[in-house]
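Enquirer: please work out how this folds:
(chains A, B, C and D)
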Protein chains: 2
Amino acid sequence: MVGIVAGMAMHEPTFFILTALAEGPQHGYGVMQTVARLSGDRVTLRAGTLYAALDRLTTEGLLTVDREEALQGRLRRYYRLTDAGSAALGAEVVRMRSAASMAAARLRTHGGFALAAGGATLAASGLALAAGGAA
Amino acid sequence: MVGIVAGMAMHEPTFFILTALAEGPQHGYGVMQTVARLSGDRVTLRAGTLYAALDRLTTEGLLTVDREEALQGRLRRYYRLTDAGSAALGAEVVRMRSAASMAAARLRTHGGFALAAGGATLAASGLALAAGGAA
DNA sequence: GCCACTATACCGACCATCGGTATATACAAA
DNA sequence: TTTGTATATACCGATGGTCGGTATAGTGGC
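Expert: Numbers count the residues shown, from 1 in each chain, chains lettered A, B, ... in the order given. From the prediction side, this is the model:
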């Protein structure tokens, strides 16, 4: 079973969990807060989603347990990205960018519609991303 | 004034169906082929996924039936994006780009892993890792 | 006659996510 | 004191989009 990467797109909560951990190890509850912050409170992970995903991603080899701290009897389990996890997140970034530019191009040819409300911002971010990728 | 979708991320097949229709009306089977072509055969829609999605998106107001052609007794139902559908796809493009740049930035600060090497190399390494992990 | 292609459509199964709940500790407010 | 909120992990049933397969039906090739 490949599944892990192979081009299969990941769901948004999964993507945000990996993104939250990309900067360094964090424990579950910290991931929950980071994801909320990163997404501007748009994605608020449920406990069920979070811990199920952490277990699943660990099994898949994208995450690993960094360390466990016993804080006043409460357990704090820190997770971090494995190399495979970084690669998977990186591949997802590439996939998202290519899909986004494909859709944007087709929306443009369609005519009338020009990327609602975010035209300038979108173009700017696109150029910035292109520059970053090329550097 | 995006608003319509409220930020909920769509799944990849749904995204590709909207993208396929962004250039102009197509019938179901045509969408299936366009999606396969756009994704380089990575996303091959199953009949169940396709027609269920077309129905669902029509109910949600993102698609509408453009026309129906009776071709030698066979029905050809053409769908097209509504304004809401174009807006939803545009919003999704913005969301994907912002999420991608966020993840890329965090991967960079992490140090070890850099996107600088380029998309193709990155994708290749991801696939290589997947193949290795399968063993 | 059989198979592949076009074309729409239904069905059961899978699984990630959602929403809720349970557990336990600490600290602040009523 | 009791309640409520925040931290922190974890289980449970329900939902829903996708997957994989199948049904139907006409066309064209071998």
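
Enquirer: could you look up the SS state of whichever residue of chain A sits closest to chain B?
Expert: Distance from chain B to each residue of chain A (C-beta to the nearest C-beta) is smallest for residue A:91, at 3.4 Å. All C-beta atoms are positioned from the backbone trio N, CA, C, and that covers glycine. Counting by DSSP: H, G, I helix; E, B strand; the rest coil, the backbone at residue A:91 sits in helix.

Enquirer: burial measure for it, as a count.
Expert: If you count neighbours by other C-beta atoms under 10 Å in any protein chain shown, residue A:91 ends up with 24.

Enquirer: with residue A:44 instead?
Expert: For residue A:44, using other C-beta under 10 Å, the count is 12.

Enquirer: and residue A:43, helix, strand or coil?
Expert: Residue A:43 - assigned by three-state DSSP - is coil.

Enquirer: for it, phi and psi?
Expert: Per-residue torsions, residue A:43: phi -110, psi 110 (degrees, to the nearest 10).

Enquirer: residue A:14 is in contact with that one, correct?
Expert: No - between residue A:43 and residue A:14 there is no contact under C-beta atoms under 8 Å: 10.7 Å.

Enquirer: anything in the host helix or strand of residue A:84 near DNA strand D?
Expert: Here residue A:84, judged by DSSP states H and E, is contained in helix A:83-110. No - contact of helix A:83-110 with DNA strand D is not found when judged by C-beta under 7 Å from any atom of the strand; the minimum separation is 12.9 Å.

Enquirer: pull out the buried positions in that helix.
Expert: Applying a neighbour-count criterion of 16 or more other C-beta atoms under 10 Å in any protein chain shown, one finds A:84-104, A:106-107, A:110 buried in helix A:83-110.

Enquirer: next one: stretch A:45-56
Expert: A:45, A:49-51, A:53-54.

Enquirer: quick check: mean pLDDT across it?
Expert: Stretch A:45-56 shows a mean pLDDT of 93.

Enquirer: ok, now stretch A:17-37?
Expert: 93.

Enquirer: near chain B at all, that stretch?
Expert: Yes - on the criterion C-beta under 8 Å from any C-beta of the partner chain, stretch A:17-37 is in touch with chain B at A:18-20, A:22-24.
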